[in-house]
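*Asks:* below: sequence and its predicted model.
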Amino acid sequence: SASLTLAAVLAYLAARPLAQPRPLACAALLTLAVAGGGVLAALAKENGALVPLFALVAEATIVTAPRPRWFRRWSLVVFGGWLVAFLAYTAASVPHMLVTYASRDFTPLQRLLTESRIVGEYLFLLIVPGREALSPFRDDYAASTGLTDPVMTLVALLSWAVTLAAAVRWRRTFPIASFGILWFAAGHLLESTVFPLELYYHHRNYLPAVGPIFAICAAAHAAPEALRKLSLAALGAYGVLLATVLFSVTSVWGEPQLASALWFNERPGSARAAQTYARQLAESGDLAGAARVLGVAAARNPLDSGLAMQTVQLGCLTDTGERWQQKAQAILPRLRNGGVSVAAVDGLRKMTTMMLDGQCAYATAEWIRRLTGAMLDNPKFRNRPEALNALHANLARIYDRDRQLDPTMRELEAAQAAMPSLDTTLMMGGTLASAGLFDDAIAKLEAALDHQLPANPLAAGVWRRVITQAIAQIRELQLAQARTRSGGPSR
């Protein structure tokens, strides 16, 4: 996406000088760059939809080519059309955003307030990086709950308001600086505003970083002749400093167990840092150490359902039966009232697999149902369709093991109602077929073909091909069984 986005903007800048001598060719090329390039970039990642905004930033700051009347009209249509489309997309996304926010620990306003601080940190760390600050885990970042809670929220908001206003006001006087600031802000429009993503990820900075980096390099080259050598030398020294920091970061990242231990100690409130360290310890055979790390992290994060579930899952291998049951009983309130977590659902699913494979004698079917029931009682889990699907599908595995057809199908139907998925569809067909209900299995799969295909045509094509193959296999099994009963050859 980043490569396509930059290619589209560069194509725009390359075609822009043709506005006066070759207007028709210029209009075609600009449209192809902004609209065509934007669509291609957006298909790779949603951020590609920002291509028109990046082009507008360049146009408003560093582009010096003449703007004939036709170009002004073209700009109004293209850039204005993009703004209308973006606002319409945002408005259409509101229902989905509200559903997602229901499972978050912050509101849309709190996220917007918090991002004012985070984007400021992104910019600071881009210019003045440090190894410790560049930890991949920032899930412990405290959300702003008001303008002055913490007070840096108000400071960040005022700073951004002044900075952006100055960049717009003096975009022709200081075009390079304005370009760097406005490009950086534009690059964070999707991931650092009201859309209900998690709060903090350094990798969101890779495309916005182009603006400040370009501004720093261009400013050094544009320095007065008397200062040119000094500015370029300073730029070179700055590059060496960045390379040194990069080397220190990658040296640590190249040692996974060392890195995970450092991240766990440096980010004591991060559940993901603890999970990463525990996984490294478990993979090295230190199950007791992994259990200790998860236990410490669970105590530090009393609302984290994922850590709680993982302590119980690992307890299958490290605890006695009595101790395991005490842990399982203790996490039920946290599962009912804590935050939603993919790790909790995944941990339950893995523990169920261990139980079915005879690797966890303590985790009986009744305990799996109790743990699942606690999560289903939690409104934050109920507001996440993918979590609901996984929980009900996991219960279906328990009932299917015991050859209980009706409860198995009931849970699969609940999973499909929460979020239609190809896996659940195939499980329903397979369950009915394994019970000898071939016609019902085929009818169920054909109903999915008629009513549950995803809107994405590529995904729909995959569903159609896989389900059609499954139907053919079921028909073959049905025919083979009929031949066997009649005493004829099986093929």
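*Replies:* Noted; the coordinates are in hand. Residues are numbered from 1 along each chain as shown.
*Asks:* quick one: Val9 from Ile62, how far?
*Replies:* 11 Å (CB to CB, to the nearest Å). Backbone N, C-alpha and C define where each C-beta goes, glycine included.
*Asks:* who's more crowded, these two?
*Replies:* In this view Val9 and Ile62 are compared by other CB atoms under 10 Å, and Val9 has more residues nearby, 24 against 18.
*Asks:* that one falls within a helix, correct?
*Replies:* Yes: judged by DSSP: H, G, I helix; E, B strand; the rest coil, Val9 forms part of a helix.
*Asks:* so what pLDDT did it get?
*Replies:* Here, the pLDDT recorded for Val9 equals 96.
*Asks:* name the nearest residue to it, sequence neighbours excluded.
*Replies:* Spatial nearest neighbour of Val9, excluding adjacent residues (CB to CB, 6 or more residues apart in numbering): Phe54 at 5.0 Å.
*Asks:* go on, Tyr238?
*Replies:* Closest residue in space to Tyr238, ignoring its immediate chain neighbours: Ile216 at 7.6 Å, by CB to CB, 6+ apart.
*Asks:* same question for whichever strand or helix holds that neighbour, mean pLDDT?
*Replies:* Ile216 is part of helix 210-221 when elements are defined by DSSP states H and E. Averaging pLDDT along helix 210-221 gives 94.
*Asks:* check which residues of the helix or strand just after that helix are buried.
*Replies:* Once helix 210-221 ends, the next helix or strand along the chain (criterion: DSSP H and E) is helix 225-253. By 16 or more other CB atoms under 10 Å, the buried positions in helix 225-253 come out as Val245, Val249, Val252.
*Asks:* likewise for stretch 205-220?
*Replies:* Of all the residues in stretch 205-220, those buried under the rule 16+ other CB under 10 Å are Asn205, Leu207, Pro208, Ala209, Val210, Gly211, Pro212, Ile213, Ala215, Ile216, Cys217, Ala220.
*Asks:* how about the fifth one, what does it touch?
*Replies:* The contact partners of Val210, taken as CB atoms under 8 Å, 6 or more residues apart in numbering, are Leu6, Trp183, Gly187.
*Asks:* try it again at 7 Å.
*Replies:* By CB atoms under 7 Å, 6 or more residues apart in numbering, the contact list for Val210 reads Leu6, Trp183.
*Asks:* leaving out chain neighbours, which residue sits closest to the residue most central in space within the chain?
*Replies:* The C-alpha lying nearest the average C-alpha coordinate of the chain belongs to Leu197 (CA atoms, centre = their mean; 6.9 Å). Among residues not flanking Leu197 along the chain, Glu191 sits closest, at 5.9 Å (CB to CB, 6+ apart).
*Asks:* neighbours of the one you found, how many?
*Replies:* As a burial measure, Glu191 scores 19 neighbours (other CB under 10 Å).
*Asks:* from Ala226, how far out is it?
*Replies:* Distance, Glu191 to Ala226, using CB to CB: 42 Å.
*Asks:* next one: Leu32
*Replies:* 43 Å.
*Asks:* repeat for Glu446
*Replies:* Taking CB to CB, one finds Glu446 at 79 Å from Ala226.
*Asks:* equivalent analysis for Glu266, please.
*Replies:* From Glu266 across to Ala226, the span is 45 Å (CB to CB).
*Asks:* show me where the stretch 201-350 of the chain dips below the pLDDT cut-off.
*Replies:* Applying pLDDT under 70 to the stretch 201-350 of the chain flags no residue at all.
*Asks:* circling back to that earlier point, extract the C-alpha set from the helix holding Ile216 and format it as PDB.
*Replies:* Extracted C-alpha coordinates of helix 210-221, given in PDB (Å, rounded to 0.1, in the frame of the first residue of the first chain):
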ATOM      1  CA  VAL A 210       7.700  10.400   4.700                       C
ATOM      2  CA  GLY A 211       6.600  14.000   5.300                       C
ATOM      3  CA  PRO A 212       9.000  14.900   8.100                       C
ATOM      4  CA  ILE A 213      11.800  12.900   6.700                       C
ATOM      5  CA  PHE A 214      11.500  14.700   3.300                       C
ATOM      6  CA  ALA A 215      11.200  18.000   5.100                       C
ATOM      7  CA  ILE A 216      14.400  17.400   7.100                       C
ATOM      8  CA  CYS A 217      16.400  16.300   4.000                       C
ATOM      9  CA  ALA A 218      15.000  19.000   1.700                       C
ATOM     10  CA  ALA A 219      15.700  21.700   4.300                       C
ATOM     11  CA  ALA A 220      19.300  20.600   4.600                       C
ATOM     12  CA  HIS A 221      19.700  20.800   0.800                       C
END
